[in-house]
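Build me a model from this:
(one chain, ligands or ions: 1)
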Amino acid sequence: MDILSVENWDLGLEMPLYIAGPCSVETPGQLDQTVAALVNEGVKVIRGGVWKPRTRPNSFEGVGSKALPWIKEVKDKYKVKFAIEVASPIHVEEALKFGIDIFWIGARSTVNPFTVQEIANSLKGIDIPVLIKNPVNADLALWIGALERFHHAGIKKLGAIHRGFSNFNDKTYRNSPMWQIPLGLKTYFPEIPLLNDPSHICGRRDLIPQIAQTALDLNFDGLMIESHIDPDNAWSDAAQQLIPLDLGQLLRTLKTRKVDVDNPLLQSQLDLIREQIDDVDRELLEILSRRMSLVEKAGEYKKLNNVAVFQMERWKKVFETRPEWAEALRLNPDFARDLFQLIHTESIKKQTEVQERNEQPKIR
Ligand SMILES: O=C(O)C(=O)C[C@]1(C(=O)O)C=C[C@@H](O)C=C1
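Residues are numbered from 1 along each chain as shown. Model (predicted):
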């Protein structure tokens, strides 16, 4: 994609890009005090929700357009840039009137290609950075699709925000990070700046530093973090907002990592380890190929004896024992579970092919 880097967005921004501010703009006083305190901590780009898409009705849905003049006032007073979420062409039109600098598309909008297309169409010919949050569900293609729709509409100042994914089973995070998905996006489109939103992933402020650091370790290009002058009395997302002082402290302690290894000694040490990893990966694949030959053989016996491919009792046993074996080898049992789910899916596929070989009736 033909994308402009953050430094070329003509907003005087630097990398890593840190955006912070309240979940919602509530009152002129709350906004002014929060922005003043954040500017004091060195924040140059403020976020603030104006229209809030909420899961349930009767939750606070943002103060709406009347927040826009308040934003204009703090922008002028503190010389900051301001980012807000837009979810419809009307929001775009209203926000542009008040000189908003950056738009973001929320996770609930990204899931809907109709909404995405409508907003993208309303931005044709308009030169403004647009950041696209991942869809609520763990679907990389949907995220990519949204980025493509904005790119086709002519937006070159495009970025992505990883805010985690809905997951009913996750007891720790409000939205599971599922790092493989944003890393997948980075692999497809290394040119698209990728920010992490630890506030929405964590849902509680004590977990934020760890997720923020992981993101920087994984070479994310910046962070969007919620910060409020009085989080406990915030009208939305009270548990996950940081006071500006804590946010400043966090930004000062985070370590940014270098992408490339420019020390020759370290480079040669890494090369050596990578050669060994190559060897081990080759062995791994040879072992997997041996397992798959055995599975194919079992499939042929099943076919001969008219036995079903899926054997629940045996599979339950495999699925129980492998995580235990993994743990004994100091491997993460959840990793073993994921791995054997994948392996079993492939076994079923292989044996179904065996069953169906030369057995499909010819339809003319
Ligand atoms: O044990 C079998 O019946 C197999 O074919 C092997 C295997 C496996 O991959 O481990 C594959 C499919 C069955 O559902 C259970 C187990």
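
From here on, just use CA atoms for contacts and neighbour counts.
OK.

Would you agree Val266 falls within a helix?
Val isn't right for residue 266; it's Leu. Yes: residue state for Leu266 (DSSP: H, G, I helix; E, B strand; the rest coil) corresponds to a helix.

what number of residues lie near it?
The tally of other residues near Leu266 (other CA atoms under 10 Å) stands at 11.

swap in the one 3 residues further on?
The tally of other residues near Gln269 (other CA under 10 Å) stands at 10.

which SSE is it in?
Using DSSP states H and E, Gln269 maps to helix 264-304.

other SSEs contacting that helix?
Packing partners of helix 264-304 (3 or more CA pairs under 8 Å, 6 or more residues apart in numbering; DSSP states H and E): helix 333-356.

ok so, going back, now do the helix or strand that the helix holding Gln269 is followed by against helix 333-356, angle only.
Remark: after helix 264-304, the chain's next helix or strand is helix 312-328, criterion DSSP H and E. Angle, helix 312-328 to helix 333-356, by axes from the mean of the first three to the mean of the last three CA atoms, to 10 degrees: 150 degrees.

Please identify the buried residues of helix 312-328?
For helix 312-328, burial by neighbour count (16 or more other CA atoms under 10 Å) applies to 319, 322-324, 326.

Please apply the same query to stretch 25-45.
Buried residues in stretch 25-45, counted by 16+ other CA under 10 Å: 25-26, 30-39, 41, 43-45.

can you tell me which two in the residues you listed are farthest apart?
Across the buried residues of stretch 25-45, no pair lies farther apart than Glu26 and Glu41, at 21.1 Å, counting by CA to CA.

what residues does this structure put near the ligand?
Contact residues (CA under 6 Å from any ligand atom) of the chain with the ligand: 295, 298-299, 309-312, 314-315, 344, 347-348.

Closest one of those residues to Tyr78?
Tyr78 lies nearest to His344 out of the residues of the chain next to the ligand, by CA to CA, at 58.0 Å.

what's the neighbour count on Ala87?
Ala87, neighbours per other CA under 10 Å, totals 22.

Show the contacting residues for it.
By CA atoms under 8 Å, 6 or more residues apart in numbering, the contact set of Ala87 is 105-106, 109, 115, 119.

One more pass at 7 Å, please.
Shown in contact with Ala87 (CA atoms under 7 Å, 6 or more residues apart in numbering): 105, 109.

How about Ser199?
The contact partners of Ser199, by CA under 7 Å, 6+ apart, come to 208, 225-226, 240-241.

Serialize the residues you listed to a markdown table and add fields for neighbour count.
Below are those laid out as a markdown table (neighbours: other CA atoms under 10 Å):
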| residue | neighbour count |
| --- | --- |
| Ile208 | 23 |
| Ile225 | 24 |
| Glu226 | 28 |
| Gln240 | 25 |
| Gln241 | 30 |
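
Quickly name whichever of those is closest to Asn305.
Nearest to Asn305 among the contacts of Ser199 is Ile208, at 56.4 Å by CA to CA.

picking up where we left off before, are any of the residues of the chain next to the ligand buried, and which?
Among those, the ones that count as buried by 16+ other CA under 10 Å are 295, 298-299, 309, 344, 347-348.

Turn these into a markdown table, including pLDDT.
Listed next are these as a markdown table, based on pLDDT from 0 to 100:
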| residue | pLDDT |
| --- | --- |
| Val295 | 98 |
| Ala298 | 97 |
| Gly299 | 96 |
| Val309 | 94 |
| His344 | 97 |
| Ser347 | 97 |
| Ile348 | 97 |
